[in-house]
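Novice: Give me a 3D structure for the following:
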Amino acid sequence: MSEKDTMKKILTLPQAKKLLESIGEENLDQFQRRTFDYVSKFSKVDAETAEKLAETLVTEFGLEEEEAVQIINCAPKSVEELRVFLAGGRKIIEASKLEAIVNVLNEHRKLK
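Specialist: Numbers count the residues shown, from 1 in each chain. Got it, this is the predicted structure:
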């Protein structure tokens with residue numbers, strides 16, 4: 001396994017935005033600028049909130065990290081929208097848990 005393989009980490013859009021901001025907009029190449037524009041437009045929360053949300057979704061609701069990241073990136077507003085992200089999973093999640101996830105997302109969405 002190469003060193004690049006050991007350094008992979010799944011990031012939410014807000015975390016990617018924060019990482020690109022740390023490089024400095026003037027130091028970004030063309031691809032990084034396009035990526036920065038995209039994450040700036042589509043980030044629903046700030047990086048710190050995204051990190052807390054990911055931890056909550058994984059620990060309290062038992063989601064996989066990949067599922068949590070996709071949910072944070074798209075921020076579904078209803079249980080029906082949320083089910084789209086969890087439909088391919090191997091476990092069934094109770095409706096009350098899905099409603100709780102949407103409520104948590106809505107609380108953080110208002111903070112932005």
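Novice: Contacts only, for the closest residue to E21 other than its chain neighbours.
Specialist: Take E21 and drop its neighbours on the chain: the residue closest to it by C-beta to C-beta, 6 or more residues apart in numbering is F36, 7.7 Å away. In short, each C-beta sits where N, CA and C put it, glycine included. Contact partners of F36, counting by C-beta atoms under 8 Å, 6 or more residues apart in numbering, are K17, L20, E21, E25, L28.
Novice: got a pLDDT number for T35?
Specialist: Reported pLDDT at T35 in the predicted model: 96.
Novice: ugh, typo on my part, it should be D5
Specialist: 59.
Novice: wait, N106 sits on K77?
Specialist: Yes - if you go by C-beta atoms under 8 Å, N106 and K77 touch, sitting 7.3 Å apart.
Novice: Show me which helix runs longest in the chain.
Specialist: Using DSSP state H, we find that the single longest helix of the chain is helix 95-111.
Novice: Alpha carbons only: can I get that one in PDB?
Specialist: Provided in PDB are the C-alpha atoms of helix 95-111 (Å, rounded to 0.1, in the frame of the first residue of the first chain):
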ATOM      1  CA  ALA A  95     -39.200   6.000  10.900                       C
ATOM      2  CA  SER A  96     -38.800   7.700  14.300                       C
ATOM      3  CA  LYS A  97     -35.000   7.600  13.900                       C
ATOM      4  CA  LEU A  98     -35.300   9.100  10.400                       C
ATOM      5  CA  GLU A  99     -37.400  11.900  11.800                       C
ATOM      6  CA  ALA A 100     -34.900  12.500  14.500                       C
ATOM      7  CA  ILE A 101     -32.100  12.700  11.900                       C
ATOM      8  CA  VAL A 102     -34.100  15.200   9.800                       C
ATOM      9  CA  ASN A 103     -34.800  17.300  13.000                       C
ATOM     10  CA  VAL A 104     -31.000  17.400  13.800                       C
ATOM     11  CA  LEU A 105     -30.300  18.500  10.300                       C
ATOM     12  CA  ASN A 106     -33.000  21.200  10.500                       C
ATOM     13  CA  GLU A 107     -31.600  22.500  13.800                       C
ATOM     14  CA  HIS A 108     -28.100  22.900  12.300                       C
ATOM     15  CA  ARG A 109     -29.400  24.300   9.000                       C
ATOM     16  CA  LYS A 110     -31.000  27.200  10.900                       C
ATOM     17  CA  LEU A 111     -27.700  28.100  12.500                       C
END
